[in-house]
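Chemist: 3D model of this:
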Amino acid sequence: MKNVLLYGHGGSNNHGCEALVRTITELVRENIEDANVILYSNNPASDYKWGVDKIVNEVKKCQKHLYLQESLERLNQYLK
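Modeler: The predicted model follows:
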């Protein structure tokens with residue numbers, strides 16, 4: 001199983017963001033066998049409200065402070 005991380009999602013109350021998650025997840029599932037899609041969201045409650053948790057495998061709270069904008073750790077995570 002391959003993990004596919006969607007990071008920095010603002011929440012599904014913004015239906016444009018919700019639409020992107022739904023579309024990207026659909027494309028991932030069409031092209032990566034056994035994809036495990038994990039959504040890192042700034043507002044997980046809105047993702048449950050709008051049913052996005054049923055589209056992806058897991059919804060996690062996005063830790064925006066985890067990596068500073070100009071840090072080597074952030075670059076490393078981006079490259080992974």
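
Chemist: I figured residue 50 was touching residue 9, is that so?
Modeler: No: using C-beta atoms under 8 Å, residue 50 is not in contact with residue 9; the gap is 11.7 Å. C-beta coordinates here come from the backbone N, C-alpha and C atoms, glycine included.

Chemist: what's the helix ranked longest in the chain in contact with?
Modeler: Taking DSSP state H as the criterion, the chain has its longest helix at helix 15-31. With contacts defined as C-beta atoms under 8 Å, 6 or more residues apart in numbering, helix 15-31 is touched by 4, 6, 9-12, 35, 37, 39, 47, 50, 52, 55-56.

Chemist: Distance check, the nearest residue to residue 49 once chain neighbours are set aside against residue 36.
Modeler: Once flanking residues are discounted, residue 49 sits nearest to residue 12: 6.9 Å by C-beta to C-beta, 6 or more residues apart in numbering. Taking C-beta to C-beta, to the nearest Å as the measure, residue 12 falls 20 Å from residue 36.

Chemist: Same drill for the two, tell me which one is more crowded.
Modeler: Neighbours were tallied for residue 12 and for residue 36 using other C-beta atoms under 10 Å; the higher tally belongs to residue 12 (27 against 14).
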